[in-house]
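Colleague: Below is the structure, and that's it, no one-letter string:
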């Protein structure tokens, strides 16, 4: 029994899982264990990682990370301590058992904290790792199956023959429905199309991803397409270049090869011989949404850059919280984050199934990978093989449900508020999690779910949702800048609109309507919304309005927000408006686009929230012909009266109350204000909050060069 010890250097390896744990710690989630918990992670190898990692190049193996792997190839592993913050200082790898006749041994991958062995026999390998960390010692095991390929069966109208997959699965559900969808998909037809209709550049190197089990890249006899083609005498050189007759020739002369001449079941689920010979043992065939399954072929820049793009996206490092671990026995309620923060959770949702989260841990979490959003088996009527969801179902609590967003329907399942402001805002603020929750991009885009204020005009909206038929996809996945500094870091499956390192903004999707714009700072607002005296870019105006709202909310006058102080103010006349404004601040803050998703809606939500908190009500956005101060109503009054005024152009506006002796009693307005008609009330109090006595009072407006005074009478 051969063992291997090595010292761990956490300088950048285990990016996906360690990145998740780092986010968890930054967020301060209460997630504490008294000892290490170790997981063996099968570590996938893509064309990109192979090219960038000298320690992998001698093996010349690509590996999907599935626990069922083809005979004759290498498999790779690393140990991850997800139980606490203890660093792994050493790891000892051993075989507990191996198939009869196997001579497999562990060795170290130079430059990585990985162990590896070569699968030299079909059968079951049980491996163990014993880890020493700064907080303790822990062992764990994993089971790996070496197998050979058996082919799809039933493809292109040819009957399945044992041990093809469809020998057992044909006619049984859900497999038959899945097969029927798959057989007309891009995956199924890729090789057929390639050898008949693509250009002269098509070669055997392409077949490594377009067929079942073609060696990548180490030569091994595992029953894949290349092995069977060699045995049968099918040689690409005899058919090259691609032409219309190629497929018919292959189908008629080599019918058994057809079941491997496709991207079939085993490309994604692993070679099937042990599953078949094991009586259908489901442990010996894999169902995984881990990104390695797809990136084995889709991470080969420059021609197949999806994997690189995805690695720069937030989908590759989804936040984990302990709230996932609901003791629900698989019956997830709409408050469970698992549907959007875990790949399996979302896929199960699209199938109308729950996710078993009893004692769930970060060790089980899967990222939002390719097969989470896309159905590898085929299209569902949306396009691009995007997943569909049960009719009238939803991922989140009681937020708004959107359907008119084309191919972005998958995005809108999770990128919206979990809650509906109409039912949630009236509830008590009980913790820092009160509010719409994060990532309300869909609500902002659709001009929905911001709290409204009684008597205020309706929020305006831009027309993005009217003419961007695919919503998010149109801009976030627009063609990317191909310069070396930005390549794969913006656009495409990175979903990023900005490269923070270079300052590059991906405005390609904007060009149809906003020709010539190359940076988001060039999208200028139509007014000075934040009142700093300058008309600036929308994002700058929104930033300024966010600051004004933070200062207006408790603790008033300080650039911060305290939910505790808002709740303590529950007896105040402005309590409900402050809660609404706090909700709106979170909705806009969580959107993260600083207005670009819907500029007019965003600025109106913020400026109306500021006005509501400080007690100024916009009556109309119509620009008045002149400045005006109206007579208060009612008059005489007790204890509240209202004063309407009009602002003809942006001005510094003050309205103050004076007593009969000319002494200032109350400042009602002291703001730089946009043109419009407004209303403010006076509650018969002074600047110290004390109620004043009956009598005659005067109120005066100063707005630019406009100055007016009127009289009112308080009668108690």
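Modeller: Right, received. Where do you want to start? Bear in mind the structure is a predicted one, so any value in this text is a computation, not a measurement.
Colleague: Once you drop chain neighbours, what's closest to residue 627?
Modeller: Excluding the flanking residues, the one nearest residue 627 by Cβ to Cβ, 6 or more residues apart in numbering is residue 706, at 3.7 Å. Every residue, glycine included, has its C-beta placed from N, CA and C.
Colleague: What does that neighbour show for phi and psi?
Modeller: With angles defined as degrees, to the nearest 10, residue 706 sits at phi -90, psi 140.
Colleague: Please work out how many residues are found near it.
Modeller: 18 (other Cβ atoms under 10 Å).
Colleague: Surely it and residue 624 touch.
Modeller: No. Residue 706 is beyond contact range of residue 624, at 11.2 Å (criterion: Cβ atoms under 8 Å).
Colleague: Got the domain ranges for the chain?
Modeller: Domain assignment of the chain by automatic domain parsing yields the ranges 4-147, 155-270, 421-614, 617-714.
Colleague: First-to-last residue distance for the second one?
Modeller: Distance across domain 155-270, first residue to last, is 18 Å (Cα to Cα, to the nearest Å).
Colleague: Quick one: mean pLDDT over that domain.
Modeller: Over the span of domain 155-270, the pLDDT mean works out to 95.
Colleague: Centre of the chain to that domain, how far?
Modeller: 34 Å (Cα atoms, centre = their mean, to the nearest Å).
Colleague: Can I get the domains of the chain in CSV including distance to residue 396?
Modeller: Converted to CSV, these look like this (distance: least, Cβ to Cβ, whole Å):
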stretch, distance to residue 396
domain 4-147, 19
domain 155-270, 26
domain 421-614, 8
domain 617-714, 31
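Colleague: Quick one: closest of those domains to residue 392.
Modeller: Distance to residue 392, taken as Cβ to Cβ, is lowest for domain 421-614 among the domains of the chain, at 17.2 Å.
Colleague: Straight-line length of that closest one, end to end?
Modeller: 21 Å.
Colleague: what's the answer for stretch 329-344, then?
Modeller: 15 Å.
Colleague: which residues of the protein score low on pLDDT?
Modeller: 1-34, 571-573 (pLDDT under 70).
Colleague: Was I right to think residue 113 contacts residue 78?
Modeller: Yes. With contacts counted by Cβ under 8 Å, residue 113 reaches residue 78, the gap being 5.6 Å.
Colleague: Next, give phi and psi for the closest residue to residue 402 other than its chain neighbours.
Modeller: Leaving aside its sequence neighbours, residue 402 sits nearest to residue 412 (Cβ to Cβ, 6+ apart; 4.7 Å). Dihedral angles of residue 412 (phi, psi; degrees, to the nearest 10) stand at phi -70, psi -20.
Colleague: got it, and residue 70?
Modeller: According to degrees, to the nearest 10, residue 70 has phi -70, psi 140.
Colleague: Which helix or which strand is home to the closest residue to it other than its chain neighbours?
Modeller: Leaving aside its chain neighbours, residue 70 sits nearest to residue 222 (4.2 Å; criterion: Cβ to Cβ, 6+ apart). Assessed by DSSP states H and E, residue 222 sits outside every helix and strand.
Colleague: Begin at 53 from now on, thanks
Modeller: Taking 53 as the first residue, the last one we looked at is residue 274.
Colleague: So residue 274 sits against residue 113, correct?
Modeller: No. Using Cβ under 8 Å, residue 274 is not in contact with residue 113; the gap is 11.9 Å.
Colleague: Can you pull the residues that touch both of those two?
Modeller: Shared contacts of residue 274 and residue 113 (Cβ atoms under 8 Å, 6 or more residues apart in numbering): residue 125.
Colleague: sorry, back to before: which ones are touching the residue nearest to residue 454?
Modeller: Here residue 464 is in contact with 454, 457, 494, 523, 524 (Cβ under 8 Å, 6+ apart).
Colleague: mind listing what's buried in the helix or strand hosting residue 765?
Modeller: Per DSSP H and E, residue 765 falls inside strand 758-766. For strand 758-766, a neighbour-count test (16 or more other Cβ atoms under 10 Å) marks 758, 764, 766 as buried.
Colleague: just stretch 272-288 next, same as before
Modeller: Per 16+ other Cβ under 10 Å, stretch 272-288 contains these buried residues: 272, 274, 275, 276, 277, 278, 279, 280, 281, 286, 288.
Colleague: Got phi/psi on the fourth one?
Modeller: Taking degrees, to the nearest 10, you get phi -80, psi -180 for the backbone angles of residue 276.
Colleague: what's the spacing between it and residue 183?
Modeller: 35 Å (Cβ to Cβ, to the nearest Å).
Colleague: Same check on the third one?
Modeller: If you measure residue 275 against residue 183 using Cβ to Cβ, the figure is 36 Å.
Colleague: cool, and the first one?
Modeller: Taken as Cβ to Cβ, the spacing of residue 272 relative to residue 183 amounts to 31 Å.
Colleague: What of the last one?
Modeller: Going from residue 288 to residue 183 by Cβ to Cβ gives 47 Å.
Colleague: do the fifth one as well
Modeller: The spacing between residue 277 and residue 183, counted by Cβ to Cβ, is 39 Å.
Colleague: The second one now?
Modeller: From residue 274 across to residue 183, the span is 32 Å (Cβ to Cβ).
Colleague: Go ahead and confirm residue 751 touches residue 760.
Modeller: No. With contact defined as Cβ under 8 Å, residue 751 does not reach residue 760; the gap is 9.2 Å.
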